[in-house]
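Novice: below are the sequence and a predicted model; questions follow.
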Amino acid sequence: MNDLRELLSSRIGMERLNEERSCEFHVQTTNGRRNAVFDLYNRRIKLYGLTPTDLDSPEVAAIVDGLGRAPDLYTKLTIYALPSEDEDWIKRLFVREGVILGYFPNHLHADIWARYAEDERMDAPRDAEHDDIVVMAAQKETQAPFLAEGYKSRIADEADAFLLSDLLRVNFADYPAPLDAATLRTSIAERRNLFRCVFTADGEIVAAASAELDHARSVAEMTDCVTDPDHRGRGLMAYILWCLEKDIAERFDITDVYTLARADEPGMNCVFSKLGYQYTGRLVNNCRMPNGWESMNIWCRAHELRADAPPILL
């Protein structure tokens, strides 16, 4: 465990290791340097672009072996892997949770493999209920959304950060990412997130979502979906997400998109299904949310897939 802490502190810094919610770093493997994220808030480490042979590299091995030895740091290890033989991961005691279509450059898919430090983190007692929600959502007919009368929509700029922060913080008692105005303003300014909002005729912000942009991989995660309770049921979120796809395709030439939808919320799963997204797996107990650990459903819309293609049920 000391070697693990030394590795993480050398890559991240001791103060950030102990205090920040999420920190990016890198690890050296036999196949080159790979990106990683240490997520203290959600007690997990994510490694990107690995193959099974990378697990034998000393730095990766320290992270794998440290799982369970430092529960104050992380109890879940997730690997966004390059396509490889499933048996090689299974032999290493990893569980396949899904796939993100078009995640890597050149539209290469990412297989999602996970290991857990404790049974409680791995246990998914509501899996059957979550499966029912996915089946129900996948049966929804694909629809082109429209903006209801009395609303207007536009891309957010830095000046909207305070309005966005207020909307998100009021509607989310707990959230796996910072929601303060300064952080949102920086993410907009640095083109890490493209936000789109819906306003009433008198300028009140009532709904928003963002595309979290990964420029290096040319992929985007649709996230930060929020609608004021008084304005739900009017198709506002579907319209925002539909516009965001067009926005990032035109501005950044990004056409592969995905989302991680809360598995116990039928509404958002239905929204993405009706927009032509395909269900491709579930990240078990992935995030700390208001109800504790929550699983997240993966929905993808890759550029080469038809909107009416059947869902992928894993």
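Specialist: Received it, and whenever you're ready, just let me know what you need. Numbers count the residues shown, from 1 in each chain.

Novice: Gln143 versus the residue most central in space within the chain, what's the distance?
Specialist: With distances taken as CA atoms, centre = their mean, Leu260 lies nearest the centre of the chain, 4.7 Å away. Distance of Leu260 to Gln143, given as CB to CB, to the nearest Å: 22 Å. Every residue, glycine included, has its C-beta placed from N, CA and C.

Novice: about what we covered before: so is the residue nearest to the centre of the chain in a helix, a strand, or just coil?
Specialist: Classification of Leu260 by DSSP: H, G, I helix; E, B strand; the rest coil places it in strand.

Novice: which strand residues bridge the closest residue to it other than its chain neighbours?
Specialist: Leaving aside its sequence neighbours, Leu260 sits nearest to Met296 (CB to CB, 6 or more residues apart in numbering; 3.9 Å). Counting by DSSP bridges, Met296 forms beta bridges with Arg262, Leu283.

Novice: so what's Met296 up against?
Specialist: Applying CB atoms under 8 Å, 6 or more residues apart in numbering to Met296 gives the contacts 260-263, 282-283, 286-287.

Novice: counting neighbours, which of those comes out on top?
Specialist: Ala261 (28 neighbours; other CB atoms under 10 Å).

Novice: pretty sure that one sits against Trp299.
Specialist: Yes. In terms of CB atoms under 8 Å, Ala261 counts as a neighbour of Trp299; the distance is 5.9 Å.

Novice: between those two, what contacts are shared?
Specialist: Listed as contacting both Ala261 and Trp299 by CB under 8 Å, 6+ apart are 269, 272.

Novice: re the thing from before, wait, which of the contacts of Met296 is closest to Ala148?
Specialist: Ala261 (22.3 Å; CB to CB).

Novice: distance check, that closest one against His26.
Specialist: 29 Å.

Novice: do the same with Ala128
Specialist: Taking CB to CB, one finds Ala128 at 39 Å from His26.

Novice: hey, which helix is longest across the chain?
Specialist: helix 236-252 (DSSP state H).

Novice: packing partners for that helix?
Specialist: Counting contacts by 3 or more CB pairs under 8 Å, 6 or more residues apart in numbering; DSSP states H and E, helix 236-252 is packed against strand 151-155, strand 193-200, strand 205-214, strand 219-227, helix 266-274.

Novice: would you list the ones you listed in a markdown table and tack on distance to Phe94, mean neighbour count and mean pLDDT?
Specialist: Formatted as a markdown table, these follow (distance: least, CB to CB, whole Å; neighbours: other CB atoms under 10 Å; pLDDT from 0 to 100):
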| stretch | distance to Phe94 | mean neighbour count | mean pLDDT |
| --- | --- | --- | --- |
| strand 151-155 | 39 | 14 | 98 |
| strand 193-200 | 30 | 21 | 98 |
| strand 205-214 | 23 | 22 | 98 |
| strand 219-227 | 22 | 22 | 97 |
| helix 266-274 | 26 | 21 | 96 |
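
Novice: how about the ones you listed in CSV, adding distance to Ser10?
Specialist: Compiled in CSV, the helices and strands packed on helix 236-252 are given as follows (distance: least, CB to CB, whole Å):
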stretch, distance to Ser10
strand 151-155, 40
strand 193-200, 29
strand 205-214, 25
strand 219-227, 29
helix 266-274, 39
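
Novice: wait, which of those is closest to Leu179?
Specialist: strand 219-227 (8.6 Å).

Novice: now the closest one - C-alpha only, PDB.
Specialist: Output in PDB follows, covering the C-alpha atoms of strand 219-227 (Å, rounded to 0.1, in the frame of the first residue of the first chain):
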ATOM      1  CA  VAL A 219     -16.000  11.700 -28.400                       C
ATOM      2  CA  ALA A 220     -18.400  13.400 -26.000                       C
ATOM      3  CA  GLU A 221     -20.400  12.400 -23.000                       C
ATOM      4  CA  MET A 222     -23.900  13.900 -22.700                       C
ATOM      5  CA  THR A 223     -24.300  14.900 -19.000                       C
ATOM      6  CA  ASP A 224     -25.400  17.500 -16.500                       C
ATOM      7  CA  CYS A 225     -29.000  17.000 -17.500                       C
ATOM      8  CA  VAL A 226     -31.400  19.000 -15.400                       C
ATOM      9  CA  THR A 227     -34.900  20.400 -15.800                       C
END
